[in-house]
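Participant: Give the three-dimensional model of this entry:
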Amino acid sequence: RGAVGCLGDRIERLSAWAPALPDAPGATINGRTTVKFRTRLLLLAVSGLLAVVVLAIIGFVGEHRLIAVSAQQSVLAEVMRNQLEADMMHDALRGDVLGALRAASDGDPSAGVRIEEELKEHASWFRERVAANAALPHGPEVEKALADVRPLLERYIESAEQVVATTMEDYDGARAQMPTFENDFAALETQMQGISDLIEQADKSALAAAGDIAASVQRMQVAGASLATVLLLALALWILRASNSQLGGDPEYASQVAQRIAAGDLGFAVQLGPRDRTSLLANLHHTQGELRRRIEAERKVARENAQV
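Facilitator: Have a look, this model is predicted:
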C-alpha cells in the first residue's frame, strides 16, 4: 500500500496502544508498575470523602459531648433554683417565728393565726424544694449533702412549729425555746450553704468541661482539615506528575501532536523532555519518524521504478 495507507495503519495502532499507557493495570514504564489514571482519580475522590467523613465524625462527637454537658448544666440550674427557694423558706420560717413572738407581745391573736398558716405553707414549700433537688440527677457529693440535710430540715421545722404553737399560750415558754430554735437555724444554715457551694462548684466544673470540649473539637477539626488539605494536595500533585510523566507533556499538546500526525504533517519537531523514551509523546515522535522514513523509502522506490 501507499504512504497514506501506512500512515493510517500506524495511527490506528497508535490509537489502540495510547490509552493503555496511562490506564492499563500493571503496565510497566522504566521498570516501574504504573497505576491506572482512573484509579488515581478514584483514590483522590475517596481521600476527599474520607476527610469529610472524619471531620463530620469529629463534629458529631463534639456536639454530642456538648449536648450532654449542656443537659447537665440545665439540671444544675434547676438544682440551684430549688436551692435558692429552699434558702428563702429557711429564712421565712425564722421570720414566722419572730413574727409570732411579736404578735404575742402585742396581744394580737389574729396575727398569730395568720402566722401559723404561713408557717405551714413555708414548711411545706421548704420540704418540696429539698425533695425536688433530691429527685434530680446530680453528683454523689450533692446527693449525700441533700440526704444529710433532711434530718436537720425536719428538726428545724418542728422547732419552728413548736415555738409558734407555744407563743400564743405561753410567751415566756416560747422565749425559752428560742436558743434551741436558733441553734437549729444555724446548723441548717451551715448545711444549706455547703450544698449551695457544692452546686456552684459543679456548675463551674460543667462550664469548664464545655469549654474544654469546644477547644478540643476545634483543635481536632483544624488538625484534621490541615492533614486532609496536605494529603489531597499531595495526591493531586502525584496525579499531575504521574500523568505528565506518562503523557510526556501537557495533554492538550499531546492531542495536537497526534492530530497533526494523523493529518499527515510529519515535518514538525515533537518537543520531548530530557531522557524521555517511554511517554506518549515519545512514542508519537517515534511514530512520526518511522512514518517519515517509510514515506521517503516509498518515494525512492517510486522514483527508481519510474526510471526503469
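Participant: From now on I want contacts and neighbour counts done on CA atoms only, so please keep to that.
Facilitator: Will do.
Participant: in the helix or strand hosting Gln162, what's buried?
Facilitator: Element membership for Gln162, per DSSP states H and E: helix 140-167. By 16 or more other C-alpha atoms under 10 Å, the buried positions in helix 140-167 come out as 142-143, 145-146, 149-150, 152-154, 156-157, 159-161, 163-167.
Participant: again with stretch 253-267
Facilitator: Applying 16+ other C-alpha under 10 Å to stretch 253-267 flags 254, 257-258, 261-262, 266 as buried.
Participant: from the chain's centre, how far out does that stretch sit?
Facilitator: 54 Å (C-alpha atoms, centre = their mean, to the nearest Å).
Participant: Ok, stretch 141-151 next?
Facilitator: Here the centre of stretch 141-151 is set off from its chain's centre by 38 Å, with C-alpha atoms, centre = their mean.
Participant: Can you list the residue ranges for helices in the stretch 1-150 of the chain?
Facilitator: Using DSSP state H, counting those that start in this stretch, the helices found in the stretch 1-150 of the chain span residues 3-17, 20-23, 37-106, 109-135, 140-167.
Participant: pLDDT of the second one, averaged?
Facilitator: Along helix 20-23, the predicted local confidence has a mean pLDDT of 40.
Participant: ok so Ala269 is a helix residue?
Facilitator: No: if the criterion is DSSP: H, G, I helix; E, B strand; the rest coil, then Ala269 is coil and not within a helix.
Participant: what about it, how many neighbours?
Facilitator: Other residues near Ala269 number 10, with proximity taken as other C-alpha atoms under 10 Å.
Participant: quick revisit: pLDDT averaged over the helix holding Gln162, what's the number?
Facilitator: 90.
Participant: heads up, I number from 23, so please use that
Facilitator: Taking 23 as the first residue, the last one we looked at is helix 162-189.
Participant: and the angle from that helix to helix 59-128?
Facilitator: Counting by axes from the mean of the first three to the mean of the last three C-alpha atoms, to 10 degrees, helix 162-189 lies at 20 degrees to helix 59-128.
Participant: Show me what helix 162-189 is packed against.
Facilitator: Where contact means 3 or more C-alpha pairs under 8 Å, 6 or more residues apart in numbering; DSSP states H and E, helix 162-189 is packed against helix 59-128, helix 131-157, helix 193-269.
Participant: Taking helix 193-269 as reference, get the angle to it.
Facilitator: Using the same axes, to 10 degrees: helix 162-189 against helix 193-269 is 160 degrees.
Participant: I'd like the helices and strands packed on helix 162-189 as JSON lines, with mean neighbour count, distance to Ala324 and mean pLDDT appended.
Facilitator: Formatted as JSON lines, the helices and strands packed on helix 162-189 follow (neighbours: other C-alpha atoms under 10 Å; distance: least, C-alpha to C-alpha, whole Å; pLDDT from 0 to 100):
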{"stretch": "helix 59-128", "mean neighbour count": "17", "distance to Ala324": "45", "mean pLDDT": "87"}
{"stretch": "helix 131-157", "mean neighbour count": "17", "distance to Ala324": "109", "mean pLDDT": "90"}
{"stretch": "helix 193-269", "mean neighbour count": "16", "distance to Ala324": "37", "mean pLDDT": "87"}
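Participant: so can I have CSV of those helices showing distance to Gln293?
Facilitator: Shown next, in CSV, are these (distance: least, C-alpha to C-alpha, whole Å):
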stretch, distance to Gln293
helix 59-128, 23
helix 131-157, 84
helix 193-269, 12
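Participant: do you know which of the helices of the stretch 23-172 of the chain lies nearest Asp298?
Facilitator: Closest to Asp298 of the helices of the stretch 23-172 of the chain is helix 42-45 (C-alpha to C-alpha; 14.2 Å).
Participant: Quick one: closest of the helices of the stretch 23-172 of the chain to Val323.
Facilitator: Closest to Val323 of the helices of the stretch 23-172 of the chain, according to C-alpha to C-alpha: helix 25-39, at 11.8 Å.
Participant: Kindly provide the distance from Ala99 to Asp128.
Facilitator: Look at Ala99 and Asp128: by C-alpha to C-alpha, to the nearest Å, they are 43 Å apart.
Participant: ugh, typo on my part, it should be Ala73
Facilitator: Distance of Ala73 to Asp128, given as C-alpha to C-alpha: 81 Å.
Participant: Same check on Ala153?
Facilitator: Using C-alpha to C-alpha, Ala153 is found at 37 Å from Asp128.
Participant: ends of stretch 287-302, how far apart?
Facilitator: Stretch 287-302 end-to-end distance (C-alpha to C-alpha) = 18 Å.
Participant: Mind listing residues that contact that stretch?
Facilitator: 40, 43, 51-52, 267-271, 276, 279, 282, 303-305, 307, 310-311, 313-314 (C-alpha atoms under 8 Å, 6 or more residues apart in numbering).
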